[in-house]
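Enquirer: Return atomic coordinates for the entry below.
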Amino acid sequence: MFFSKIFKNGNYNCVTATALYCYVFEKLDIPYKVKDLPTHVYLVAYPDLYNIQLEITVPGEYGYYAPNEKNIKRAVDELISMRLITPDELNKKGYKNMYESYFYGNNALKKESLMIQTSFYSYIYLTAGRYFYGKNRFAEAKALFKKGLKYVPENQELQKMYQWASEDLNDR
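Expert: Below you'll find the predicted structure:
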């Protein structure tokens, strides 16, 4: 369903492209982790050995990158603006440690969960909801988070984002 559109019209996003790469990596027996960011998803190949971060949607010159200090600060500031971490956490850890613990820490998706259809659908709703939440379009974000919860009601991040979108909508 999703893969056929990639090949028919060339359209993809970070979620569909990552899912396709997961399928290929499974077939080639390449170890990987799926990393889940507030507004993005990507792969890390050979996570226990080389930790190769693959940027599939905007690969640049080599198809992978190592973030510089400016990008680390920008990413951590975005986490604060989306209330995924607190300024106190940042003050305790510092930018580099906060970045590494959040993006390379325990937030990797289990590869099996991405390929399970219900988890995949809930992830699409979570990603889309995050986009609208970041744009202060709380009603649209709330509706998307609610749809995602129909697929995986125990997803704590969807629950948290749904609650925040509801609160922010009520504050208006």
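
Enquirer: after the lowest-mean-pLDDT helix or strand in the chain comes which helix or strand?
Expert: In the chain, no helix or strand scores lower on mean pLDDT, DSSP states H and E than helix 111-115, which sits at a mean of 46. Using DSSP states H and E, the helix or strand that directly follows helix 111-115 along the chain is helix 117-134.

Enquirer: can you list the residues that contact that following helix?
Expert: 14-15, 19, 36, 38-41, 81-82, 109, 113-114, 138, 140-142, 144-145, 147-152, 155, 157-158, 161, 164-165, 168 (CB atoms under 8 Å, 6 or more residues apart in numbering). (Each C-beta comes from the backbone N, C-alpha and C, glycine too.)

Enquirer: Give me the distance from it to the chain's centre.
Expert: 9 Å (CA atoms, centre = their mean, to the nearest Å).

Enquirer: and the helix or strand following that helix, average pLDDT?
Expert: Going down the chain from helix 117-134, the next helix or strand is helix 138-151, by DSSP H and E. Taken as a whole, helix 138-151 has an average pLDDT of 88.

Enquirer: got the angle between helix 138-151 and helix 117-134?
Expert: 170 degrees (axes from the mean of the first three to the mean of the last three CA atoms, to 10 degrees).

Enquirer: Buried residues, helix 138-151. List them.
Expert: 138, 141, 142, 143, 144, 145, 147, 148, 149, 151 (16 or more other CB atoms under 10 Å).
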